[in-house]
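Participant: With the sequence up front, the predicted model follows.
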Amino acid sequence: MILEFDSVRAVRTLLSPPDIPTPALLRARSIPNQRLVKALGISSTFVSDDPGVHDNFTREAKVLIGAVSAKDGWSRLVDVAETCVSRFLDAKSLDYATFVQSVTLSVVLAGLLGTDIEDLDPVDVAFVTKAINDRWAQSKSSTTLTTEVLDRINHHIIRWVPDRTNPLNLIIPAYETMWRVAAIAVVYSNRDSLLRDAFISYNENPTDDQFRAFANEGTGAQPSAEAIICEVLRLHPPTRHITRAVVVPWWKRPFVPSIDVADIEEAHKSPLFGNDPESFNPMRFHASHAAPKRDQLYAFGHGKLKCVAASWAPPAAAVITAKIMAKLDDVAFKLQEGPCIGKREGWEGWSIQRV
């Protein structure tokens with residue numbers, strides 16, 4: 001039995017229930033995620049109820065994020081993103097999803113984990129991104145998953161990141177959601193010159209202040225890169241549903257739901273986020289609109305188990321978006337749109353083309 005929660009208050013309570021110890025929260029999260037053990041071979045806190053595994057993962061992730069958030073580390077990440085975008089624009093015509101996936105995975109590998117960009121062969125990177133995508137989708141169905149594809153994924157990953165045990169534990173959470181945020185941010189910015197301007201400004205000056213800066217003031221205010229990324233996270237949350245197992249005695253199981261689901265996508269359409277919540281409007285995050293704050297979004301979860309990268313991921317996704325937008329100038333490259341904006345899948349017909 002599944003019970004869904006789609007109000008902001010219910011989502012907050014489900015993800016951060018009062019007076020529940022961390023081990024119980026970890027168990028409730030890990031049970032629905034067991035499908036990812038077979039699909040991707042991960043052994044991290046997302047699939048484990050061991051507090052020690054959780055503490056080690058959180059500590060390791062914070063060290064990596066801290067290193068790339070410091071001034072020199074951030075400058076290097078920005079340079080890596082620019083190099084990766086240029087590297088994957090070499091083909092004559094590019095499938096759009098494959099391009100953004102390849103750039104994002106390469107930024108995670110080279111920017112976070114220290115992989116040499118020259119070791120990232122575009123064919124191998126495209127294989128790994130597609131295989132991760134396919135395995136994730138198949139894990140939600142009754143498809144039988146063979147080990148052959150996972151072995152091939154790990155063959156490349158271990159070659160790229162030889163000094164860590166099971167690097168996919170760190171790669172998957174960083175890559176899997178960020179490529180979709182960047183892909184969708186590029187689409188909206190390619191359609192609207194004001195949004196494009198925000199990312200061109202951020203490309204030229206990739207600082208925290210610029211990330212948050214709204215151009216102009218008053219009625220002429222224009223959205224910041226942060227506001228655009230927040231609006232993507234609100235209207236197109238990469239994690240649309242967050243599931244929690246309901247752990248009860250065996251004799252109660254026929255009478256209570258076995259899985260609770262936080263419907264993030266629906267909760268983000270609450271009137272709390274302003275007028276016309278079905279439309280894309282980054283200016284709803286401007287102070288003049290009684291603006292929601294970034295921490296009122298639930299795309300990264302909420303409470304004790306909120307994603308450790310929740311503060312780092314939005315500016316990182318904005319850097320990738322900015323570097324792509326700098327190239328999509330309709331002089332050298334242009335974005336060819338498909339029928340509709342995709343999610344993890346659904347990007348058929350989208351491509352980047354040389355002009």
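Facilitator: Ah, there it is. Residues are numbered from 1 along each chain as shown.
Participant: From now on I want contacts and neighbour counts done on CA atoms only, so please keep to that.
Facilitator: Noted.
Participant: and residue 56, how far is that from residue 338?
Facilitator: 42 Å (CA to CA, to the nearest Å).
Participant: Let me fix that, I meant to ask about residue 147.
Facilitator: Taking CA to CA, one finds residue 147 at 33 Å from residue 338.
Participant: And for residue 139?
Facilitator: Taken as CA to CA, the span from residue 139 to residue 338 is 26 Å.
Participant: Settle it for me: which of these two has more neighbours?
Facilitator: residue 139 (19 against 14; other CA atoms under 10 Å).
Participant: these two touch, right, the more buried one and residue 34?
Facilitator: No. Using CA atoms under 8 Å, residue 139 is not in contact with residue 34; the gap is 9.4 Å.
Participant: How about the contacts made by residue 346?
Facilitator: residue 340 (CA atoms under 8 Å, 6 or more residues apart in numbering).
Participant: Wait, a helix at it?
Facilitator: No. Under DSSP: H, G, I helix; E, B strand; the rest coil, residue 346 falls outside any helix and is assigned coil.
Participant: Starting from residue 81, give me the distance back to residue 140.
Facilitator: Following CA to CA, the distance that separates residue 140 from residue 81 is 31 Å.
Participant: neighbour count winner among these two?
Facilitator: residue 81 (25 against 12).
Participant: Any figure for the gap between the more buried one and residue 117?
Facilitator: 10 Å.
Participant: what residues are up against residue 32?
Facilitator: Contacts of residue 32 by CA under 8 Å, 6+ apart are 243, 244, 245, 259.
Participant: export those to TSV and tack on pLDDT and secondary structure?
Facilitator: Below are the contacts of residue 32 laid out as TSV (pLDDT from 0 to 100; DSSP: H, G, I helix; E, B strand; the rest coil):
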residue	pLDDT	secondary structure
243	95	strand
244	95	strand
245	92	strand
259	90	strand
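Participant: can you pick the most crowded of the residues you listed?
Facilitator: residue 244 (23 neighbours).
Participant: Was I right to think that one contacts residue 28?
Facilitator: Yes. Counting by CA under 8 Å, residue 244 does reach residue 28; the two are 4.9 Å apart.
Participant: Which stretches in the stretch 101-250 of the chain count as helices?
Facilitator: Using DSSP state H, counting those that start in this stretch, the helices assigned to the stretch 101-250 of the chain run over residues 122-139, 147-160, 168-191, 193-204, 208-212, 225-235.
Participant: Residue 281: which of these is closest?
Facilitator: helix 225-235 (6.7 Å; CA to CA).
Participant: quick one, that closest one and helix 168-191 angle?
Facilitator: 110 degrees (axes from the mean of the first three to the mean of the last three CA atoms, to 10 degrees).
Participant: Next, the angle helix 193-204 makes with helix 225-235.
Facilitator: Counting by the same axes, to 10 degrees, helix 225-235 lies at 120 degrees to helix 193-204.
Participant: right, so the helices of the stretch 101-250 of the chain: which one is the most enclosed?
Facilitator: Comparing the helices of the stretch 101-250 of the chain by mean neighbour count (mean count of other CA atoms under 10 Å), helix 225-235 ranks first with a mean of 26.
Participant: And the contacts of that helix?
Facilitator: With CA under 8 Å, 6+ apart, helix 225-235 has contacts from 181, 184-185, 195, 198-199, 202, 210-213, 265, 268-269, 277-283, 285-286, 294, 297, 299, 314-315, 317-318.
Participant: repeat that for 6 Å
Facilitator: Helix 225-235 is contacted from outside by 198, 199, 211, 212, 268, 282, 285, using CA atoms under 6 Å, 6 or more residues apart in numbering.
Participant: List the residues that contact the second one.
Facilitator: Pointing back at residue 199 there. 225, 322 are the contacts of residue 199 under CA under 6 Å, 6+ apart.
Participant: What score does it have for pLDDT?
Facilitator: At residue 199, the pLDDT value in this model is 98.
Participant: Could you do the last one as well?
Facilitator: Taken from the predicted model, the pLDDT recorded for residue 285 is 90.
Participant: Likewise for the third one?
Facilitator: Among the per-residue scores, residue 211 shows a pLDDT of 97.
Participant: any idea how far stretch 56-75 is from the chain center?
Facilitator: Its chain's average C-alpha position is 17 Å from that of stretch 56-75, according to CA atoms, centre = their mean, to the nearest Å.
Participant: Name the residues of it that are buried.
Facilitator: By 16 or more other CA atoms under 10 Å, the buried positions in stretch 56-75 come out as 57, 58, 61, 64, 65, 68, 69, 73, 74.
Participant: again with stretch 6-26
Facilitator: Neighbour count says stretch 6-26 has 6, 7, 8, 10, 11, 12, 14, 15, 16, 25, 26 buried, by 16+ other CA under 10 Å.
Participant: picking that back up, any idea which of the contacts of residue 32 is the one closest to residue 350?
Facilitator: Of these, the one sitting nearest to residue 350 (CA to CA) turns out to be residue 243, at 30.9 Å.
Participant: Setting aside sequence neighbours, what's the nearest residue to that closest one?
Facilitator: Spatial nearest neighbour of residue 243, chain neighbours left out: residue 261 (4.5 Å); criterion: CA to CA, 6 or more residues apart in numbering.
Participant: okay, now the one you found: neighbour count?
Facilitator: 19.
Participant: What of the one 10 residues further on?
Facilitator: Counted by other CA under 10 Å, the residues lying close to residue 271 total 11.
Participant: same thing with residue 114?
Facilitator: Around residue 114 there are 12 residues (other CA under 10 Å).
Participant: do you know how far it is from residue 120?
Facilitator: Residue 114 is 12 Å from residue 120, by CA to CA.
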